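In: only geometry, no sequence info:
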């Protein structure tokens, strides 16, 4: 039990993202292997390559060979925050979905992506950055999904707070 509360170590691995265009797409900064894993429900080891072309992303993996839009990828922390133009591109992409009930919202797996990022946060400042990002794009989620994300954020914040106290007591 105590071992699960200790500081989370980042996973260091070789990137499978390859930029094939001299002129990068403005949303290319949001392309991550984690998003690809959730998008196609595959493991990281099953991704062979993620090729970022001028206007599209090609995903090649075990059982997967697909072209996807840059607007399919959720924003991340550590790069330039989403702009109004980015939001317009996401909304335009969501309108093209065939599920009429969710035409104005992000794909269902975006919430899972952010929940995973909350869980992987190594410090309260990193967690806070992810929380601020979700609040910035809250238009992308249904109200119940947004509440679920907020609960997950607060749960991880309390876990991080407890782990800091344990580390202070142990050292």
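Out: Looks like it came in fine. For clarity, every value in this text was computed on a predicted model and none was experimentally measured.
In: please count neighbours and contacts with C-alpha atoms only from this point.
Out: Fine.
In: which of the helices or strands spans the residue positioned nearest the centre of the chain?
Out: For the chain, the residue sitting closest to the mean C-alpha position, by C-alpha atoms, centre = their mean, is residue 113 at 4.4 Å. Here residue 113 sits within helix 109-120, counting by DSSP states H and E.
In: can you name the element that comes right after that helix?
Out: Next in sequence after helix 109-120, counting helices and strands by DSSP H and E, comes helix 124-136.
In: buried residues in that following helix?
Out: Within helix 124-136, the residues that count as buried by 16 or more other C-alpha atoms under 10 Å are 124, 126, 127, 129, 130, 131, 133, 134.
In: avg pLDDT for that helix?
Out: Helix 124-136 comes out with an average pLDDT of 95.
In: okay, now the unreliable bits of the protein?
Out: Confidence mapping of the chain against pLDDT under 70 gives the ranges 1-14, 98-102, 162-171.
In: which residue ranges of it form strands?
Out: Using DSSP state E, the strands of the chain run over residues 17-19, 47-52, 57-61, 64-68.
In: in the first one, what counts as buried?
Out: Judged by neighbour count (16+ other C-alpha under 10 Å), strand 17-19 contains these buried residues: 17, 19.
In: same question, the third one
Out: The neighbour-count check on strand 57-61 (16+ other C-alpha under 10 Å) flags 57, 58, 59, 60, 61 as buried.
In: so the residue lying closest to residue 94 once chain neighbours are set aside versus residue 155, what's the distance?
Out: Take residue 94 and drop its neighbours on the chain: the residue closest to it by C-alpha to C-alpha, 6 or more residues apart in numbering is residue 103, 5.3 Å away. Shown here: residue 103 relative to residue 155, a distance of 30 Å by C-alpha to C-alpha, to the nearest Å.
In: swap in residue 56?
Out: Per C-alpha to C-alpha, residue 56 is found 36 Å from residue 155.
In: how many neighbours does residue 85 have?
Out: Close neighbours of residue 85, defined as other C-alpha atoms under 10 Å, add up to 11.
In: same question, residue 46
Out: Residue 46: 13 neighbours (other C-alpha under 10 Å).
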